[in-house]
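> take this sequence and fold it.
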Amino acid sequence: MPSLWSQLPLEVVVKIAFSIQEAEDLLTILKTIQDEIDLGPLEHLFELGKANSNWKDLLSQLPHLTYLDVGEDYNSFGDVFEFVAMSNAITEFLAYTVQYKMTTSDVIRLTKWFRTQPVRRLELAFVDAGGVDKDVKKEFYEAMLKCETLETLNISNRGFTDIINISNRGFTDLEFIKWPLALKSLRLNLEGITSDVVKSLASQLEDSGVNHLAIVQYTDKNTEGMEHLLRVLPRTSIKHLELSHLLIDDTTWCKLAPLFESCPVSILTLHSEKIPTGFAQDFATALEKNQSICELDLDHSDIGHADLQQLIRSFSNSSRPVKRKRFKVKGPYSQPILDDEEESLKKLAAECGVKFMNRYLECRVSYSCISWD
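Below is the predicted model:
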């Protein structure tokens with residue numbers, strides 16, 4: 001009796017094959033069905049898998065490879081950067097460079113990649129480029145930010161607890177002011193990012209197509225850059241703004257709270273280890289007057305119970321023209337919500353039309369429908 005595999009169209013078999021995460025599992029399945037069906041384009045992949053080759057030999061036999069994602073368990077990223085620079089096809093490159101210190105040669109190779117290929121996406125996680133020559137980095141920034149095909153840029157230098165001077169970890173000296181941005185999504189998760197960097201970025205957003213912006217680890221006590229960003233937002237295309245791992249205090253952030261009234265985004269993520277009462281109250285006032293935010297995510301922020309209640313009331317105010325409203329709070333990692341506070345929030349949720357769910361403490365507000373996640 002023919003097996004199920006032999007009855008499937010080849011295109012379905014191919015889709016199933018490429019949905020398998022582990023190479024060993026994929027090869028096992030291909031070996032099982034090779035005598036039952038014509039593997040078609042999977043035949044070459046099967047033969048490559050059987051060969052005892054290193055990754056360079058393998059990738060050299062995939063000249064049409066356009067997407068490369070290298071995990072954190074790899075420790076010879078110099079070879080990877082060299083391969084990407086030499087490729088005539090790769091346009092999307094993701095690297096999780098944990099415990100790897102980028103060299104000047106690595107950055108030169110990435111610069112070459114941007115200058116020779118229509119790059120669409122670059123993600124570098126846990127980057128340590130502190131030892132790279134400054135002039136080389138400037139050339140890299142120019143090539144990257146001038147790339148008209150680049151849609152997604154995600155750079156993170158977090159995770160190096162053994163490095164004392166976090167400003168030297170790399171890419172915290174990015175300068176955006178010289179070049180217009182072709183990006184659609186930009187995420188900067190940089191410990192040591194300064195007000196000047198954020199200000200230079202904000203100055204370029206008006207004429208850009210950026211619709212998703214994430215600034216993570218902005219802990220500079222100088223909030224001028226953040227203020228400039230919030231003032232520029234109404235003249236940008238940004239629809240999703242994420243401001244995470246901030247250090248919000250009443251002294252400097254209360255003056256920024258009113259600027260959220262004109263924040264034109266649909267989705268706002270605002271996270272601080274602690275959200276103090278002064279800022280929370282001013283933010284609630286601005287939120288009640290905001291005309292566009294339909295999803296507010298406070299993530300794992302530590303925020304007072306009364307302040308949270310006020311924010312829910314302001315966000316769900318019937319005067320806000322947003323048709324669908326969604327409010328999320330996960331609560332601090334190490335401090336579960338108390339039973340009496342939970343009951344109070346449930347009652348408020350019922351009054352405001354909120355579906356309350358205490359799975360990390362999540363609330364959702366919706367005019368048209370209320371549903372569980």
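
> from now on I want contacts and neighbour counts done on CA atoms only, so please keep to that.
OK.

> distance check, residue 328 against residue 153.
As for residue 328, its distance to residue 153 is 26 Å (criterion: CA to CA, to the nearest Å).

> and the pLDDT for residue 73?
At residue 73, the model reports a pLDDT of 64.

> do the one 4 residues further on as well
Per-residue confidence (pLDDT) for residue 77: 83.

> residue 138 now?
88.

> pLDDT below threshold where in the stretch 51-200 of the chain?
For the stretch 51-200 of the chain, residues meeting the criterion pLDDT under 70 lie at 51-56, 72-75, 158-170, 177.

> please enumerate the helices of it.
For the stretch 51-200 of the chain, the helices defined by DSSP state H, counting those that start in this stretch cover 55-60, 77-86, 104-116, 134-145, 195-205.

> over to the stretch 201-350 of the chain?
224-232, 250-253, 277-289, 305-315, 339-352.

> kindly reformat those helices as TSV containing mean neighbour count and mean pLDDT.
Formatted as TSV, the helices of the stretch 201-350 of the chain follow (neighbours: other CA atoms under 10 Å; pLDDT from 0 to 100):
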stretch	mean neighbour count	mean pLDDT
helix 224-232	19	96
helix 250-253	15	92
helix 277-289	21	96
helix 305-315	20	90
helix 339-352	14	76
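
> mind putting these in TSV, distance to residue 271 included?
Formatted as TSV, the helices of the stretch 201-350 of the chain follow (distance: least, CA to CA, whole Å):
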stretch	distance to residue 271
helix 224-232	14
helix 250-253	13
helix 277-289	12
helix 305-315	13
helix 339-352	20
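
> contacting residues for residue 258?
Applying CA atoms under 8 Å, 6 or more residues apart in numbering, we find residue 258 in contact with 282, 283, 285, 286.

> again, only using 6 Å
For residue 258, the contact set (CA atoms under 6 Å, 6 or more residues apart in numbering) comprises residue 286.

> in the sheet, who's paired with residue 275?
The bridge-partner assignment for residue 275, based on DSSP bridges, gives residue 303.

> that one contacts residue 300, doesn't it?
No. Using CA atoms under 6 Å, residue 275 is not in contact with residue 300; the gap is 10.4 Å.

> list the buried ones in stretch 15-28?
Neighbour-count burial for stretch 15-28, with 16 or more other CA atoms under 10 Å as criterion, is recorded at 17, 26, 27.
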